[in-house]
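1. Pasting the sequence and the predicted model now:
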Amino acid sequence: MILLDANALMMPAQFRLDLFDEIRALVGGFEPVVLPGIVQELAGLCRANGKDGAAARFGLSLAEQCTVADAGDVLPGTVDEQVIDYAVRHKCLVVTNDRGVRDALLGHGIGVISMRNQKKLEILRR
């Protein structure tokens with residue numbers, strides 16, 4: 001299981017990469033998971049015009065290919081806090097480019113997949 005955050009789902013439109021193929025190349029087979037708050041965040045961003053709105057709409061279409069975590073398994077808090085908590089409790093890798101989320105996850109010993117040089121994904125571990 002690999003948890004994807006909103007900016008991860010927007011990466012393909014922003015950086016022209018195949019997110020699922022890139023992840024598969026790093027870890028092999030995997031189950032992509034999103035939190036309900038991520039889907040809501042993307043839905044809100046879809047209303048924007050321009051590149052960000054287009055990236056959010058594409059990200060939302062990718063989220064439809066993922067397993068949505070049971071809302072009862074997500075604790076209250078900001079979406080970032082939910083991502084961190086869920087990943088720590090389930091010991092799953094997280095795909096994100098958010099520096100704060102990345103650093104918090106690494107501090108908890110959770111691996112992070114993020115962009116390197118706006119071209120490739122890499123796994124970071126502490």
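-> That came through fine. Residues are numbered from 1 along each chain as shown.
2. residues in contact with L75?
-> Listed by Cβ atoms under 8 Å, 6 or more residues apart in numbering, the contact partners of L75 are E81, Q82, D85, Y86. Bear in mind the C-beta positions are built from the backbone N, C-alpha and C, glycine included.
3. quick one: which of those residues has the most company?
-> The most crowded member of the contacts of L75, judged by other Cβ atoms under 10 Å, is Q82 (21 neighbours).
4. the helices in the chain, which residues?
-> Secondary structure of the chain, counting by DSSP state H: helices at 6-15, 19-27, 36-45, 50-63, 79-90, 99-107.
5. nearest to K119, of the ones you listed?
-> Minimum separation from K119 across the helices of the chain (Cβ to Cβ) falls at helix 6-15, 7.3 Å.
6. Next, the angle from the closest one to helix 50-63.
-> Here helix 6-15 runs at an angle of 120 degrees relative to helix 50-63 (axes from the mean of the first three to the mean of the last three Cα atoms, to 10 degrees).
7. Just the CA trace of helix 6-15, in PDB.
-> What follows is helix 6-15 as a C-alpha-only set of coordinates in PDB (Å, rounded to 0.1, in the frame of the first residue of the first chain):
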ATOM      1  CA  ALA A   6      -2.800  15.700  -3.600                       C
ATOM      2  CA  ASN A   7       0.400  17.100  -5.000                       C
ATOM      3  CA  ALA A   8       1.500  13.600  -5.900                       C
ATOM      4  CA  LEU A   9      -1.600  13.100  -8.000                       C
ATOM      5  CA  MET A  10      -1.000  16.500  -9.700                       C
ATOM      6  CA  MET A  11       2.600  15.600 -10.600                       C
ATOM      7  CA  PRO A  12       1.800  13.800 -13.900                       C
ATOM      8  CA  ALA A  13       0.100  17.000 -15.300                       C
ATOM      9  CA  GLN A  14       2.800  19.300 -14.000                       C
ATOM     10  CA  PHE A  15       5.900  17.300 -14.800                       C
END
